[in-house]
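J.: predicted model and sequence follow; I will ask about them next.
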Amino acid sequence: MPKKSNLSEIKDKKLPVILGTQTKYPQTKYLFYDLNAFAELEEIYGTVNDSLKALRGGAVKDFINFLWAGLLHEDETLTPKDVGRLSDLSTAKEIMKTIHTAVYQAITPSEAEKQTAKKEKNSSPKNV
């Protein structure tokens, strides 16, 4: 019997943020934290764990760094300064919530991934 597809459990991990709300032309961009984003954050902070600690601290520079890293999948030529110009304090709190959600989704396994890991663990031979 063929395996039941679990495509319905795959989440689109790109989350929308609206930038440039104080300008004439606000833009919808999509945050996505892939390995490249985490590699950039690791380069800035030393480790991914240290970057996550910095994110919890709430400093403006950390906000910009995480926003920048999450947008790199759309445009690799972006710089943190570009991102700083696109964002403003009036929407920072809402964007920060979206950053937290996107990072959490990126580092948290889906139910399908959990089930696969559980099956692999249960089917592997046990050492006696």
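T.: Cool, the structure landed. Numbers count the residues shown, from 1 in each chain.

J.: wait, a strand at Glu74?
T.: No: the assignment for Glu74 (DSSP: H, G, I helix; E, B strand; the rest coil) gives coil, which keeps it out of a strand.

J.: next, count neighbours for it.
T.: For Glu74, the neighbour count with other CB atoms under 10 Å is 12. C-beta: built from backbone N, CA, C; applies to glycine.

J.: then Leu67?
T.: Residues contacting Leu67 under the criterion other CB under 10 Å number 24.

J.: host element of it?
T.: Using DSSP states H and E, Leu67 sits within helix 60-71.

J.: mind listing the helices for the chain?
T.: All helices of the chain, identified by DSSP state H, fall at 35-45, 48-57, 60-71, 80-86, 92-107, 111-123.

J.: where among those is average confidence lowest?
T.: When those are compared by mean pLDDT, helix 111-123 comes last with a mean of 68.

J.: list the buried residues in stretch 61-80.
T.: 62-72, 78, 80 (16 or more other CB atoms under 10 Å).
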